[in-house]
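Enquirer: how would this look folded up:
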Amino acid sequence: MADKKDYWFSAKTYGWGWGLPYVWQGWFVYGIAAVLLIAGVFIFPPITRPVVFQIYTWSVVLLLVVICWIKGEPPRWRWGK
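Expert: Alright, predicted model coming up:
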């Protein structure tokens with residue numbers, strides 16, 4: 001089992017998934033994802049190009065999930081501590 005310092009993202013306390021990052025690399029990934037999502041509104045305006053905007057948005061989100069899956073604590077359902 002990997003040490004917590006090997007993970008970029010912590011597991012959520014409740015539920016399934018990841019929470020806040022442990023290290024700067026995780027914050028950097030979150031920041032890049034946020035910039036890409038905001039830029040998508042201007043690059044592919046959702047009013048004029050809704051399908052392309054949805055594809056772009058889901059692609060960014062999917063990439064973020066893949067990075068969290070690879071670099072985060074193993075996901076499982078958590079009922080709390």
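Enquirer: tell me which element the residue nearest the centre of the chain falls in.
Expert: Against the mean C-alpha coordinate of the chain, by Cα atoms, centre = their mean, the closest residue is residue 64 at 3.6 Å. Take DSSP states H and E as the rule and residue 64 turns out to sit in helix 50-71.
Enquirer: hmm, back to that, mind listing what the residue nearest to the centre of the chain touches?
Expert: 29, 30, 33 (Cβ atoms under 8 Å, 6 or more residues apart in numbering). C-beta coordinates here come from the backbone N, C-alpha and C atoms, glycine included.
Enquirer: Can you say which of these are buried?
Expert: 29, 30, 33 (16 or more other Cβ atoms under 10 Å).
Enquirer: is it true that the first one touches residue 65?
Expert: What that stands for is residue 29. No: look at residue 29 against residue 65 with Cβ atoms under 8 Å: they stay out of range, at 11.1 Å.
Enquirer: So what's the predicted local confidence for the closest residue to residue 33 other than its chain neighbours?
Expert: Distances taken as Cβ to Cβ, 6 or more residues apart in numbering put residue 64 closest to residue 33, at 4.7 Å, once the chain neighbours are dropped. The score at residue 64 is 96. That number is its pLDDT.
Enquirer: again, but for residue 3
Expert: Reading off the model, residue 3 has pLDDT 58.
Enquirer: Ok, the one 10 residues further on next?
Expert: Among the per-residue scores, residue 13 holds a pLDDT of 83.
Enquirer: From residue 62, how far out is it?
Expert: Computed as Cβ to Cβ, to the nearest Å, the residue 13 to residue 62 distance reads 24 Å.
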